[in-house]
Every structure is written in structure tokens, then in C-alpha cells.
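In: show me the folded form of this:
(one chain, ligands or ions: 1)
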Amino acid sequence: MVATHLATDEARVAELTEQLLTEHPPSSTPPEAFLGARFDLGLAWVHFAEGDGGLGLPPRLQDVVGRRLRAAKAPTGATRNPIGYGMGAPTVEAHGSEAQRRRYLRPLFTGEEVWCQLFSEPGAGSDVAGLATRAVRDGDEWVVNGQKVWTTLAHMARWGMLVARTDPEAPKHRGLTYFVIDMHQPGVEVRPLRQMTGEAEFNEVYFTDARVPDRERLGAVGEGWHVALTTLMNERVSIGSGLASRSAGPIVEAIELWREHRAGDASPEAAMLRDRLVQLWARSEVARLTNLRAAANRKVGTPGPEGSIGKLALAELNKDVYDLCMDLIGLEGTLYGSYAMVRPERAGGFENPDIRKSFLRARANSIEGGTSEVMRNILGERVLGLPGEPRGDKDLPWSQVPRN
Ligand SMILES: Cc1cc2nc3c(=O)[nH]c(=O)nc-3n(C[C@H](O)[C@H](O)[C@H](O)COP(=O)(O)OP(=O)(O)OC[C@H]3O[C@@H](n4cnc5c(N)ncnc54)[C@H](O)[C@@H]3O)c2cc1C
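Out: Numbers count the residues shown, from 1 in each chain. Next up, the predicted model:
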């Protein structure tokens, strides 16, 4: 019975996708209009509710849309708005009121409004619940003061997902509230932070008496940590769930470099490099299949702590693959074009691709979206059920927790 339903649903999704392509041919439709039409047909995120860019169907049917649209070379907004797609949309869908879902989701999907994530602070990264940015109620608004850091694409963003402290006397996880803040207001200052690639894809963000209307709060006052977990778990999946295809990803770049630089080389050094290449290919394949299985098992759109498996595996794998790439090209690896500061419009080092840049950018994979050490803690405690770390500050009022 369930299987029959799925088959009917699949046929419906396939039919709507064909309708989209017939009525809005990607080759002659402006990307924004194509994405708007896709949203209106419920093909943005099929597991979202009708009216929110979805059809209320199981998330696995999204693949039916994705495969067909990739084959038709249809535009995607995900590269322009990765944080909106990966984290903003699922958080708004899970916690937003109807008015908020109507307001935010469509322009997020079409790329008209880019989103950023305002969680990390100079004194709160891994321990993000310890954050200090304050929001104080003033009538129908909140007044925000503080500093965020490492904010990817804040320079492009219209909206920011902000977690702020609204009750310093509550224990740290309980005194937080989640807002969607307008980044285009006088109280918000965005300053570039340059990475070792030379690019400044992230920023420092300063709030000086910035204002957020209470209607732009997501979830209840004091429930910000609960809402933030939805963002964080989706972040891990969105970073860690790449590699759907065997013909893409860093390992394919490594194989190409092997062919270009080392094929036919009978030296012992080449044999060792080939051995590493084959081991990394096997690890890439395991990561790919694990992600496919996780996606197939996911019954609802909001992932759980097991999303950290893919994030951890992919971060470590990417770094090892790009290490190998540098060894394959030898001294050429030192010839990086320029470290001059560039302000990219896309995150992830994808602009002006270069294998040396990918190597440098991959260092961030085990930090962004939570470090590999923190992923191991989550998997140990929340998936394997091992004893937790001692946390002396968990029940103390935040105002009494020592800080530097
Ligand atoms: C490219 C990039 C993009 C980013 N984009 C964003 C963004 O858009 N928005 C945003 O809010 N943040 C963003 N971040 C920030 C990122 O989430 C933090 O850097 C990360 O959570 C780590 O925090 P931290 O840098 O403060 O390091 P810290 O938390 O100070 O950690 C320092 C070291 O201590 C280790 N450590 C800390 N706690 C533990 C523990 N309990 N057990 C074991 N080891 C521990 C860490 O693993 C790390 O090695 C980005 C980071 C990068 C690199």
C-alpha cells in the first residue's frame, strides 16, 4: 500500500517537473523566473507543505526533480544562496509562522534574498550556546548589540539567522532567542575577513542598536537553542551530504591529476601515490554510499545528530584528497596565482577554480559547520550513547559563567 502511494506520488512529481520544463524552458527563461515557477509548482522542496514550495511528500522524491532538472541544465539558486537553501529554509519551515513562511521562502529560493548565519562569536564557536550578543525588548521590537564572526556571505545577505541572548540570568541554553534580522539597516556593519586563499567569503558583523521587529522572531522567546539545533543539524547535512555521483567531487580531480602527472611512472614513489589514490577512492565511495543510505532513511526533512557522520567523513576525506593532489603535482603546487583579496559572491572557494585553492580551502572543512572534534563528541554522546563531557556551566545562570 505504502509502495503504491509512493509510485503515484513519484509519477505526480515527475509530471509536474515535465510541466515546469515545458512551460518554462530553461534555455529561454530567466533563472529567477524559472525558480519562481518551480517554487509555485511545489518542486522547490517536495517535503515542505503546499504553499511553502512543497507538496507534503517524502523528501526522497526530491531526487526525481533534481535528476531531471540537472539533465535539462535548469538553473539552481543553491550556489548563490547556500546558507538560505541548506539551513534557512528548513529552519523557517520547521519553526516559522504561516506569515513568516510566506514572506521568506519564495525569495530565498529564487535567490532574490540571500541568507547568512549569525551564530559564531569571538568567544563562542564550538560552544555557541555561550554567546554574548544581546537582544533587549523595546515594545514591538528588539534592540541588538554585539559581534558575530566568520559570517559567510554576510556581504551578500538580505537576512541573517541571528541567535541572541535575551535572558542572561537563565542557564546558557535557555536564555537564547532566534531572530531573522534585516542585514540592510544602519545598525549592522559587515567587515570582510580574509582567508588563506586570499578570498574574503566570510565577515565580522557588528550590531549597534540594530532593530528586529518581534514578528521576525522564530520560535518562542527563550527557545532559541531549540530552533538553532534545527539550523545546525541541517548545516551538517548540507555540508556533509555531497558526493551523490561517482563522477564528481575531489577524488575525480585526484584521478585526473594522476593520469596527467603520474600514469606510466614505474617509480616506487608513484606506486605509493597510487596506493593512496586507491585507498582514498574507496573512502570516497564509502562516504558516497553512506550518504545515499542516510538520505533514503530520512523520513522527514529535519535530520538528527547522525547527520554529523557525513560531515565528519567528508571534512577529513577532502583534506586527505587535496593533500594527495598536491603530492601528485609536486612543485607546481607552490604556484598559487595570487593571494590578493577577492570578495567572492559564492562561498566555498568555487569561483576561479584552481587545485591549489581547493587544497587551501579544504583546511576549513574540519572547522566550518562544527569542528571534527565536536562532530566526534556529538556522535559519541548522542548517537552511540557514551557518557557526556563534564559540563560545569550547564545549569549556572549565563551571567555567572566565567568568560575571557
Ligand atoms: C570557512 C568557514 C565558514 C564559517 N561560516 C560561518 C557562518 O556562516 N556562520 C557562523 O555562525 N559561523 C561560521 N563559521 C564558524 C564555525 O562554525 C566555527 O569556526 C566553529 O564552530 C569552531 O569555533 P571556533 O572557531 O570558535 O573554535 P573553538 O570553538 O575555539 O575551537 C578551537 C579548537 O578547540 C577544539 N574544541 C573546542 N571545544 C571542544 C570540545 N568540547 N571537545 C574537543 N575539542 C574541542 C575545536 O575542535 C578546535 O580545534 C565558519 C567557519 C569557517 C572556517
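In: okay, CA-based contacts and neighbour counts for the rest of this
Out: Fine.
In: any idea what Pro192 is bridged to?
Out: With DSSP bridges applied, Pro192 shows beta-bridge pairing to Asn203.
In: which non-adjacent residue is nearest Leu312?
Out: In this structure, Leu312 finds its nearest non-sequential neighbour in Ser372, 5.6 Å apart by Cα to Cα, 6 or more residues apart in numbering.
In: I should have written Lys148 there, sorry.
Out: Glu121 (4.5 Å).
In: give me the distance between that neighbour and Asn318.
Out: 26 Å (Cα to Cα, to the nearest Å).
In: count of neighbours near Ser126?
Out: Using other Cα atoms under 10 Å, Ser126 has 15 neighbouring residues.
In: list the contacts of it.
Out: 370-371, 374 (Cα atoms under 8 Å, 6 or more residues apart in numbering).
In: now, those residues that are in strands?
Out: Per DSSP state E, strands hold no members of the contacts of Ser126.
In: could these be laid out in TSV, adding neighbour count, pLDDT and distance to Ser27?
Out: Converted to TSV, those look like this (neighbours: other Cα atoms under 10 Å; pLDDT from 0 to 100; distance: Cα to Cα, whole Å):
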residue	neighbour count	pLDDT	distance to Ser27
Gly370	20	94	39
Thr371	18	96	41
Val374	17	95	44
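In: out of those, which sit inside helices?
Out: Val374 (DSSP state H).
In: who does the longest helix along the chain touch, helix- and strand-wise?
Out: In the chain, taking DSSP H as the definition, the longest helix is helix 268-297. In terms of contacts (3 or more Cα pairs under 8 Å, 6 or more residues apart in numbering; DSSP states H and E), helix 268-297 is packed against helix 250-261, helix 307-329.
In: report the angle between it and helix 250-261.
Out: Counting by axes from the mean of the first three to the mean of the last three Cα atoms, to 10 degrees, helix 268-297 lies at 160 degrees to helix 250-261.
In: name the residues of helix 268-297 that are buried.
Out: Residues 270, 273-274, 277, 280-281, 283-285, 287-292, 294-295 are the ones in helix 268-297 that count as buried (16 or more other Cα atoms under 10 Å).
In: next, the angle from it to helix 307-329.
Out: Orientation of helix 268-297 against helix 307-329 (the same axes, to 10 degrees) gives an angle of 160 degrees.
In: please report phi then psi for the closest residue to Val46 other than its chain neighbours.
Out: Closest residue to Val46 apart from its sequence neighbours, by Cα to Cα, 6+ apart: Gly54 at 4.2 Å. Main-chain dihedrals, Gly54, degrees, to the nearest 10: phi -130, psi -170.
In: Gly54 touches Leu61, doesn't it?
Out: No: look at Gly54 against Leu61 with Cα atoms under 8 Å: they stay out of range, at 11.0 Å.
In: between those two, what contacts are shared?
Out: In contact with both Gly54 and Leu61: Val46, using Cα under 8 Å, 6+ apart.
In: show the pLDDT at the closest residue in space to Met375 that isn't next to it in sequence.
Out: Computed as Cα to Cα, 6+ apart, the closest residue to Met375 that is not its neighbour in sequence is Ser308, at 5.7 Å. Ser308 is assigned 86 on the pLDDT scale.
In: Ser308 reaches Glu235, doesn't it?
Out: No: with contact defined as Cα under 8 Å, Ser308 does not count as touching Glu235 (9.4 Å).
In: more neighbours, those two?
Out: A count of neighbours by other Cα under 10 Å puts Ser308 above the other of Ser308 and Glu235, at 30 against 26.
In: and the stretch 51-200 of the chain, which of its residues are near the ligand?
Out: Neighbours of the ligand within the stretch 51-200 of the chain, by Cα under 6 Å from any ligand atom: 116-120, 124-127, 150-152.
In: likewise for the stretch 251-400 of the chain?
Out: Counting by Cα under 6 Å from any ligand atom, the residues of the stretch 251-400 of the chain that sit close to the ligand are 364, 367-371, 373-374.
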